[in-house]
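J.: Have a look; sequence and predicted model below, questions after that.
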Amino acid sequence: MKLFNPAVPVLIFVIPFFSFADKPNILLICVDDLRPELNCYGVDYIHSPNIDRLASEGRAFYKHYVQAPTCGASRYTLLTGTYGGAGNSALFDRAKELATDPKAFPPSMPAWFRQNGYTTVSVGKVSHHPGGFGGPDWNDESIIEMPNSWDRHLLNAGAWQHPRGWMHGQAFGEIRGDATQMDLLQAYEGPDSIYPDGISTDQALEQLDLLAKNKNGQPFFLAFGILRPHLPFGAPKKYLDLYADSELPVVLHPHKPKGRTTWHKSGEFYKYKRDGMDPNTNADYSLQVRKHYAACVSYADAQVGRALDRLDELGIRDNTIVVLWGDHGWHLGEHSIWGKHALFEESLRSPLIISYPGISNPGKLSHSIVETIDIFPTLVELSGLPKAKFAQGVSLKPILDSPNAKGHDAFAYRSYGYTIRTESHRLIAHNDGFVELYDHRTLEGESRNVAEEQPEVVAELKAKIEKRFK
C-alpha cells in the first residue's frame with residue numbers, strides 16, 4: 001500500500017508569519033458508525049434537526065466515501081491526509097515509527113494547524129482511542145497515539161472508569177467485559193449524561209468556552225468525537241420514543257450475495273446479548289435493531305446541536321468552519337450484514353458536511369464523489385494556511401463554491417484488497433487476483449458481480465487502483 005514518501009524533506013514545514021485575526025476557527029465533529037441515515041440526506045423518518053440545520057447552512061456531500069471501513073484506519077486518513085494502514089492500529093503504528101525516526105512522516109492535520117498558530121484540542125473519540133493513549137485501559141500517557149498533534153487530547157470517562165470502558169459503555173457506567181452478557185439494545189430513562197456521549201459533550205463545551213476566551217485572539221482547531229451510534233446501541237429512552245410509531249423503509253438487497261464477495265459475518269454485532277434473536281431471520285427484531293440505531297443517531301444529533309448552539313452563544317459562529325464527518329458507514333441488514341467491515345457501498349459511504357459563513361448556495365446538496373482524504377487540504381485552503389504539499393487528497397473548495405463541480409473516483413482498502421468507486425461502478429480487487437464488479441446503473445447494484453460480463457471495465461478500474469497504490 002502506498003504511504004507518504006519519507007523522502008520528502010521535512011524542512012518544507014515552515015511556520016509563516018500571519019495575523020491571528022485572519023484565521024477562522026475549526027470545529028471538526030467526528031461521529032462513529034454514522035451512515036447517511038439523516039433527514040438532510042433524504043431519509044425522512046429520521047429525527048436529525050441539528051445536523052439538518054448544519055447542512056442547510058453549508059454543503060452536504062451525498063457521495064462522500066471513506067478510505068477504510070474501520071475506525072482506526074479511516075481516522076488515520078482524516079487526521080493525516082495520507083493513505084495508511086488498513087487496521088485500527090494505524091495511528092499507533094505511525095507513532096512507533098515516529099519515535100525512532102521523527103522524519104518518517106509529515107505532520108498530522110492537527111499538527112499542521114498547530115505549527116501554523118492554532119491551539120489544537122481533541123475531545124472524545126477523534127483518533128481511534130478516545131483520549132489518545134494506549135495501554136490496557138487506553139489511559140497510559142506514555143503511549144501516545146498522535147505525538148506532537150494536540151495541545152490537549154482529552155476524554156472524561158466519568159462513571160465508565162477509563163477510555164476503554166467509555167468506548168463500549170452502556171447506561172450508568174456499565175462497561176464491556178463479557179460482551180455476551182451486555183445488552184445489544186438499551187434505552188433507559190434519564191438525561192443525556194447517563195450514556196457516554198453526554199459527559200464528553202459537556203467537556204467539549206467547556207473547551208469551547210476556554211478557547212473562545214483566548215485573549216490573544218489565537219484561532220482554535222477543536223475536534224469533537226461522538227461515540228454513538230457505535231455498538232452497543234444504547235441511548236436515553238426519549239430518543240427511542242421518537243420512533244415508536246415510525247414506518248421504516250424496506251432494506252434493499254437484504255440477502256447474502258452468492259459466490260465470493262467482500263461479505264463478512266458481523267462478528268462484533270453478534271457478540272452482544274440478543275436472547276437468541278437474529279435480525280436476518282426475525283423481521284420484528286430487525287425492525288427493533290434499526291429503531292435503536294435510529295435512536296442513537298438522534299442522540300448523537302442532540303450532541304451536535306449542543307455544540308452548534310454554544311458557538312452561537314459565544315458569538316464565534318461567524319468565524320468558525322464546522323465540519324461534520326462520519327468515520328464510515330454501517331450495514332443495517334443490507335447483504336445480511338450488521339456491521340461495517342466490508343468494501344460495499346454501505347460500509348464506505350458516510351456523511352460529510354462543511355459549513356462556513358459566506359459559502360455559496362448554502363443548503364445545496366452535492367452529488368459529486370469525494371473522499372475523506374480531501375478534508376485536510378480543504379481546511380488548509382479555507383483557513384488560508386500554507387499548502388500541505390504532502391497531503392494526498394484535493395481541496396473541495398471548487399465544490400463548495402459550486403455544488404455541481406466535478407468530483408473524482410474514490411478509493412478504499414481492507415487487508416485483503418482495494419476498491420474503487422466511480423460514478424457508474426464499484427470494483428473490488430482482492431490481493432489474490434479475484435475481482436468483484438458492480439454496476440450502479442442497474443437496480444441490482446452491489447448484489448450481482450458482473451466482472452465476467454464487463455472485462456473492459458475491470459481492466460480499466462484495476463489499472464486505476466494499481467496507479468494509485470503502486
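T.: That came through fine. Numbering: from 1, shown residues only.
J.: Nearest residue to the middle of this structure?
T.: Computing the C-alpha centroid of the chain and ranking residues by C-alpha atoms, centre = their mean puts residue 327 first, at 1.5 Å.
J.: quick one: contacts for that residue?
T.: Contact analysis of residue 327 by C-beta atoms under 8 Å, 6 or more residues apart in numbering lists 30-34, 66, 71, 74-75, 78, 350. C-beta: built from backbone N, CA, C; applies to glycine.
J.: now, which of those sits nearest residue 227?
T.: Sorting the contacts of residue 327 by how near they are to residue 227, with C-beta to C-beta, puts residue 32 at the top with 5.4 Å.
J.: From the contacts of residue 327, which land in helices?
T.: The subset of the contacts of residue 327 located in helices under the criterion DSSP state H comprises 71, 74-75, 78.
J.: Neighbour-wise, which one of the residues you listed leads?
T.: Using other C-beta atoms under 10 Å as the neighbour definition, the ones in helices among the contacts of residue 327 reach their maximum at residue 75, which records 31 neighbours.
J.: My guess is it contacts residue 31. True?
T.: No: between residue 75 and residue 31 no contact is recorded; they are 11.7 Å apart, counting by C-beta atoms under 8 Å.
J.: What is the burial count for the nearest residue to residue 329 once chain neighbours are set aside?
T.: Closest residue in space to residue 329, ignoring its immediate chain neighbours: residue 35 at 4.3 Å, by C-beta to C-beta, 6 or more residues apart in numbering. Look at residue 35: counted by other C-beta under 10 Å, it has 23 neighbours.
J.: Could you measure from residue 35 over to residue 350?
T.: Spatial separation of residue 35 from residue 350 under the definition C-beta to C-beta, to the nearest Å is 6 Å.
J.: shared neighbours, the two?
T.: With contacts defined as C-beta under 8 Å, 6+ apart, the residues shared by residue 35 and residue 350 are 326, 329.
J.: now the strands: where do they sit in the stretch 351-470 of the chain?
T.: 352-355, 366-371, 410-414, 417-421, 425-430, 435-439 (DSSP state E, counting those that start in this stretch).
J.: which of those is buried the deepest?
T.: Greatest average neighbour count among the strands of the stretch 351-470 of the chain goes to strand 352-355 (a mean of 26), per mean count of other C-beta atoms under 10 Å.
J.: Ok, which of the strands of the stretch 351-470 of the chain comes nearest residue 345?
T.: Proximity to residue 345 (C-beta to C-beta) singles out strand 425-430 among these, at 6.7 Å.
J.: Return the angle between stretch directions for that closest one and strand 435-439.
T.: 170 degrees (axes from the mean of the first three to the mean of the last three C-alpha atoms, to 10 degrees).
J.: Quick one: mean pLDDT for strand 425-430?
T.: The predicted model gives strand 425-430 an average pLDDT of 98.
J.: With only the CA atoms kept, save it in PDB.
T.: The C-alpha coordinates for strand 425-430 follow below in PDB (Å, rounded to 0.1, in the frame of the first residue of the first chain):
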ATOM      1  CA  HIS A 425     -19.300   1.100 -11.000                       C
ATOM      2  CA  ARG A 426     -17.500  -0.300  -8.000                       C
ATOM      3  CA  LEU A 427     -14.600  -2.700  -8.500                       C
ATOM      4  CA  ILE A 428     -13.200  -4.700  -5.500                       C
ATOM      5  CA  ALA A 429      -9.800  -6.100  -6.400                       C
ATOM      6  CA  HIS A 430      -8.700  -8.900  -4.000                       C
END
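J.: Pull up the pairing partners for it, direction included.
T.: Using DSSP bridges, strand 425-430 pairs in its sheet with strand 417-421 (antiparallel), strand 435-439 (antiparallel).
J.: Just the residues contacting the first one, thanks.
T.: So that's strand 417-421. By C-beta under 8 Å, 6+ apart, the list of residues contacting strand 417-421 reads 63, 65, 262, 343, 345, 348, 369, 409-413, 426-431, 461, 464-465, 468-469.
J.: Can I get that strand as CSV, trimmed to CA atoms?
T.: Extracted in CSV, the C-alpha atoms of strand 417-421 (Å, rounded to 0.1, in the frame of the first residue of the first chain):
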residue,chain,number,x,y,z
GLY,A,417,-7.8,-5.8,-1.2
TYR,A,418,-8.7,-2.5,-2.7
THR,A,419,-11.8,-0.9,-4.2
ILE,A,420,-12.6,2.0,-6.5
ARG,A,421,-16.0,3.7,-6.8
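J.: Now that residue 73 has come up, it's in contact with residue 86, right?
T.: Yes: Residue 73 lies in contact with residue 86 (C-beta under 8 Å); the separation is 5.2 Å.
J.: what touches both of those two?
T.: When contacts are counted by C-beta under 8 Å, 6+ apart, residue 73 and residue 86 have residue 413 as shared neighbours.
J.: the more surrounded of those two?
T.: For residue 73 versus residue 86, neighbours defined as other C-beta under 10 Å are more numerous around residue 73 (27 against 23).
J.: In contact with that one: list those residues for me.
T.: 67, 84-88, 90, 413.
J.: quick one: average pLDDT of stretch 461-470?
T.: Taken as a whole, stretch 461-470 carries a mean pLDDT of 95.
J.: Return the distance of the nearest residue to residue 125 once chain neighbours are set aside relative to residue 380.
T.: Distance criterion C-beta to C-beta, 6+ apart; nearest residue to residue 125, sequence neighbours excluded, is residue 225 at 3.6 Å. Plainly put, residue 225 is 21 Å away from residue 380 if you go by C-beta to C-beta.
J.: More neighbours: those two, which one.
T.: With neighbours defined as other C-beta under 10 Å, residue 225 and residue 380 compare such that residue 225 has more, 24 against 20.
J.: From residue 27, how far off is the more buried one?
T.: Here the criterion is C-beta to C-beta. By it, residue 225 lies 12 Å from residue 27.
J.: and what of residue 361?
T.: Counting by C-beta to C-beta, the gap from residue 361 to residue 27 is 21 Å.
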